[in-house]
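> just need the structure, nothing else, for what follows:
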Amino acid sequence: MTDDQFLSPTRATYAIVAESYGEFVPPVRDDIEDRALLAAFADLVRGGPVADLGCGTGHVTTYLASLGLDVSGIDLTPEMLAIARRNYPELRFSEGSLLGLDLPDGGLAGAVAWYSIIHTPPSRLPAVAAELFRVLRPGGYLQVGFHVGDQHNHRTQGYGQEGFSLDIYWLPVDGVGDLLSDAGFEILTKVVRNPAARVPQGRVLARKPA
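Predicted structure coming up:
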């Protein structure tokens, strides 16, 4: 599978659901546990630029900004970015892909990939991890959020819309840790939220060695 074969339907799907997306995805500020994880991340990266990679409509970007971070958002889908810019005009948003970020080597103090790796086929995740490693400065931090499991789901409806094509990959938390370790990261924290739920949620905090 080429990059375009999965990036194009993902971009097209989020273009369809962009306006309704916020009605179905609660803001991260409404979740006390995720607020705590992101606040801890913010304490580690203060004083340097931070990117919310796969920012969607910007709800994580604006929360990180509220914590005092110099944060910008990057997303694959122009329609999602248009909503982010409309809702948060004081923040910076730009278009880009996790497989090829228009960012300099070692330029970021921190990066968040909040449910933005879940549409990438596992065979392409090492390239994503390498790109995340590249854009972080030595000593920089990465916070990743994802669905926990070991399966591939294909959706044709959701977020109040239908008629699209979206692949979602649930990933084992240890597998994500190994993926990042193989890319050169030090793994600091691995968390599984709601392990008994139908779809547990994973969080991994990693650091690029100084």
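> distance of D43 from P195?
Plainly put, D43 is 26 Å away from P195 if you go by Cβ to Cβ, to the nearest Å. Where you see a C-beta, it was placed from the backbone N, CA and C, and this is true even at glycine.
> how about L44?
L44 is 25 Å from P195, where distance means Cβ to Cβ.
> compare these two (neighbour count), which wins?
The residue with more neighbours, out of L44 and P195, is L44; 15 against 10, by other Cβ atoms under 10 Å.
> so for stretch 81-91, what gets flagged as buried?
Buried residues in stretch 81-91, counting neighbours by 16 or more other Cβ atoms under 10 Å, are found at 81, 83-85, 88, 91.
> just the residues contacting that stretch, thanks.
With Cβ atoms under 8 Å, 6 or more residues apart in numbering as the test, stretch 81-91 has contacts from 18-19, 21-22, 55-58, 61-62, 65, 71-73, 75, 93-95.
> do that again at 6 Å, thanks
18, 57-58, 61-62, 65, 73, 75, 93 (Cβ atoms under 6 Å, 6 or more residues apart in numbering).
> return the member of these nearest to G100.
Proximity of the contacts of stretch 81-91 to G100 (Cβ to Cβ) peaks at D75, which lies at 13.7 Å.
> K190 bridge partners, please.
Counting by DSSP bridges, K190 forms beta bridges with V204.
> kindly report the same for E186.
With DSSP bridges as the rule, E186 is bridged to R207.
> that one contacts R207, doesn't it?
Yes. With contact defined as Cβ atoms under 6 Å, E186 counts as touching R207 (4.7 Å).
> between those two, tell me which one has more neighbours.
For E186 versus R207, neighbours defined as other Cβ under 10 Å are more numerous around R207 (18 against 13).
> got a list of what the more buried one touches?
Going by Cβ under 6 Å, 6+ apart, R207 touches 141, 186, 188.
> just the closest of those to D167, please.
Y141 (28.3 Å).
> any idea how far V50 is from that closest one?
9 Å.
> show me where this structure has strands.
Taking DSSP state E to define them, one finds strands in the chain at 49-53, 70-75, 92-95, 108-114, 136-147, 151-158, 161-170, 186-193, 201-207.
> gap between the closest residue to R203 other than its chain neighbours and A15?
Using Cβ to Cβ, 6 or more residues apart in numbering and skipping residues adjacent in sequence, the residue nearest R203 is V191, 4.2 Å away. Separation of V191 from A15 (Cβ to Cβ): 32 Å.
> likewise L98?
L98 is 18 Å from A15, by Cβ to Cβ.
> next: V60.
Distance from V60 to A15, by Cβ to Cβ: 20 Å.
> in terms of packing, which of these two has more residues around it?
Taking other Cβ under 10 Å, V60 and A15 do not tie; V60 has more neighbours (27 against 16).
> is it true that that one touches Y115?
No. V60 is beyond contact range of Y115, at 9.0 Å (criterion: Cβ under 6 Å).
> pLDDT score assigned to the spatially most distant residue from the centre of the chain?
The outermost residue of the chain relative to its centre, with distances by Cα atoms, centre = their mean, is G163 at 24.3 Å. For G163, the pLDDT comes out at 91.
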